[in-house]
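>>> Quick check, what structure comes out for this input:
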Amino acid sequence: MKLDKEIVSTAFERFKNLKILVVGDVILDRYVFGKVERISPEAPVPIVEVQREEFRLGGAGNVASNLSTLGVKTYLVGITGEDSGRNIIKDLLKESNVQDLTVQDPSRPTTQKVRVISMSQQLIRIDREERKPPEGKVLKKILENLDLDVDGIILSDYAKGVVCEEVVKAVRSKGKFYSIDPRPQNAHLYKGADLMTPNEKEAKQMYSADSLEELGWGLKKELNLKTLTITLGPKGIALFDKEFNLYPARARQVYDVTGAGDTVIAVLTACVLSGFDWDIACELANVCAGIVVSKLGTASPTYEEVIQYVEEVLERKEI
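Here you go, the predicted model:
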């Protein structure tokens, strides 16, 4: 079965009935836009004259924002520091209509990625972070905040520490559908997940194979996953469920791939929890990813954008 406007409308209606919890590493994405007209006399580097700044939700925050834009009632558990970044994240979550269950940890800064951009070109990225698992009162509060009545859970692992053994064990004990956007160094934590969504590079770091099919089936078996998807960038999404299927990408133009994986796991999880089969889930995930990669930075696809996108693709007879 292929996508059409009726299926998209039905999907977004069903999404409104869902409650999904996102657990993971919350990141504050800060974009500094400016112009470069001269080189510094102090060193051979460009001088950026700042014109404006933007803040967006990144990491697990972007997954939550995507879900909320789809219409899902969304909860977010993660860690922030005791600083101005925390206040910005809390404001962004409120704007995105995400239920804020983040925990403050005074021993670390709010994870922040600062991107300096001129003429649509990223000049440098500055990261402020501390990678360590939560402990003590912070871990206890995170585990308490997981005690929710939801339809499913997404673990958004950016290897900053939130997705640790205690948290994964608690999520697994809920008996709910849970999906994982992984980081290879934590592969041992993912065994038995309902869905895992690595990109091709991450999958290859977790399992050595000579072909895509061997990679997918081997990784699925090794981690005892119920379903595995591997995102392939411009080649689309590879699905390993009962069978292997490849779903072509739907991007009109690729401007920035930041956050595309967050969109994919949000859409796949919402679709499956809404009763759609994997064909529909992967097709819709490709369409939504195609929308966000045409924008700068992390972004969420709206219902109107998805409908317009599907109409355009149908006109070209690609779906």
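>>> Mind jotting down where the helices sit in the stretch 151-300 of the chain?
In the stretch 151-300 of the chain, helices defined by DSSP state H, counting those that start in this stretch lie at 165-173, 200-206, 212-222, 260-273, 278-292, listed in chain order.
>>> of all the ones you listed, which lies closest to residue 243?
The closest approach between residue 243 and any of the helices of the stretch 151-300 of the chain, judged by C-beta to C-beta, belongs to helix 278-292 at 9.3 Å. In short, each C-beta sits where N, CA and C put it, glycine included.
>>> what helices or strands is that closest one leaning on?
If you count contacts as 3 or more C-beta pairs under 8 Å, 6 or more residues apart in numbering; DSSP states H and E, helix 278-292 packs onto helix 5-15, strand 227-231, strand 237-240, strand 244-247, helix 260-273, helix 303-315.
>>> would you list every one of the helices in the stretch 1-150 of the chain?
Using DSSP H, counting those that start in this stretch, the helices found in the stretch 1-150 of the chain span residues 5-15, 60-70, 84-95, 136-145.
>>> So residue 268 sits against residue 196, correct?
No - checked against C-beta atoms under 8 Å, the pair residue 268 and residue 196 is beyond contact range at 10.4 Å.
>>> neighbour-wise, which of those two wins?
residue 196 (28 against 25; other C-beta atoms under 10 Å).
>>> quick one, what contacts that one?
If a contact means C-beta atoms under 8 Å, 6 or more residues apart in numbering, then residue 196 has 179-182, 190, 223, 225, 227-229 as its contacts.
>>> Which among the helices and strands packed on helix 278-292 is found nearest to residue 82?
With C-beta to C-beta as the criterion, residue 82 lies closest to helix 260-273 of these, at 25.5 Å.
>>> Using TSV, lay out the helices and strands packed on helix 278-292 together with distance to residue 139 and mean pLDDT.
Below are the helices and strands packed on helix 278-292 laid out as TSV (distance: least, C-beta to C-beta, whole Å; pLDDT from 0 to 100):
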stretch	distance to residue 139	mean pLDDT
helix 5-15	31	94
strand 227-231	29	97
strand 237-240	33	96
strand 244-247	38	94
helix 260-273	24	95
helix 303-315	38	82
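>>> Could you work out which of these reaches nearest to residue 292?
Across those, the minimum distance to residue 292, taken as C-beta to C-beta, is reached by helix 260-273, at 5.0 Å.
>>> Show residues contacting that closest one.
Among residues not part of helix 260-273, those counted as contacts by C-beta under 8 Å, 6+ apart are 11, 15, 18, 20, 59, 62-63, 66-67, 70, 72, 151-152, 154, 156, 177, 179, 181, 195, 197, 199, 229, 231, 237, 278, 280-282, 284-285, 288-289, 292-293, 298-301.
>>> before we move on, what about stretch 123-142?
Stretch 123-142 is contacted from outside by 23, 36, 46, 48, 77, 79, 85, 103-105, 107-117, 159-162, 164-167, using C-beta under 8 Å, 6+ apart.
>>> Quick one: end-to-end distance for that stretch.
By C-alpha to C-alpha, to the nearest Å, the extent of stretch 123-142 from end to end equals 36 Å.
>>> How far off centre is that stretch?
Its chain's C-alpha centre and that of stretch 123-142 lie 17 Å apart, by C-alpha atoms, centre = their mean, to the nearest Å.
>>> Next: stretch 160-175.
Averaged over its C-alpha atoms, stretch 160-175 has a centre that lies 17 Å from its chain's centre (C-alpha atoms, centre = their mean).
>>> Output the lowest mean pLDDT helix or strand found in this protein.
Sorted by mean pLDDT, DSSP states H and E, the helices and strands of the chain end with helix 303-315, the least confident at a mean of 82.
>>> relative to helix 260-273, how tilted is it?
Computed with axes from the mean of the first three to the mean of the last three C-alpha atoms, to 10 degrees, the direction of helix 303-315 lies at 90 degrees from that of helix 260-273.
>>> and the angle from helix 303-315 to helix 5-15?
150 degrees.
>>> i'd like the first residue to be 716 from this point on
Sure, I'll start counting at 716 from here, so that last one is helix 1018-1030.
>>> List the buried residues for helix 1018-1030?
The neighbour-count check on helix 1018-1030 (16 or more other C-beta atoms under 10 Å) flags 1018, 1020-1021, 1024-1025, 1028 as buried.
>>> if we can go back for a sec, so which of the helices of the stretch 716-865 of the chain gets nearest residue 933?
Proximity to residue 933 (C-beta to C-beta) singles out helix 775-785 among these, at 26.6 Å.
>>> Dump the closest one to PDB, restricted to CA.
The C-alpha coordinates for helix 775-785 follow below in PDB (Å, rounded to 0.1, in the frame of the first residue of the first chain):
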ATOM      1  CA  ALA A 775      15.700  14.200  22.600                       C
ATOM      2  CA  GLY A 776      14.100  17.600  22.600                       C
ATOM      3  CA  ASN A 777      13.800  17.600  18.800                       C
ATOM      4  CA  VAL A 778      12.300  14.100  18.900                       C
ATOM      5  CA  ALA A 779       9.700  15.400  21.300                       C
ATOM      6  CA  SER A 780       9.100  18.500  19.200                       C
ATOM      7  CA  ASN A 781       8.500  16.300  16.200                       C
ATOM      8  CA  LEU A 782       6.000  14.200  18.000                       C
ATOM      9  CA  SER A 783       4.100  17.200  19.300                       C
ATOM     10  CA  THR A 784       4.000  18.700  15.800                       C
ATOM     11  CA  LEU A 785       2.400  15.400  14.600                       C
END
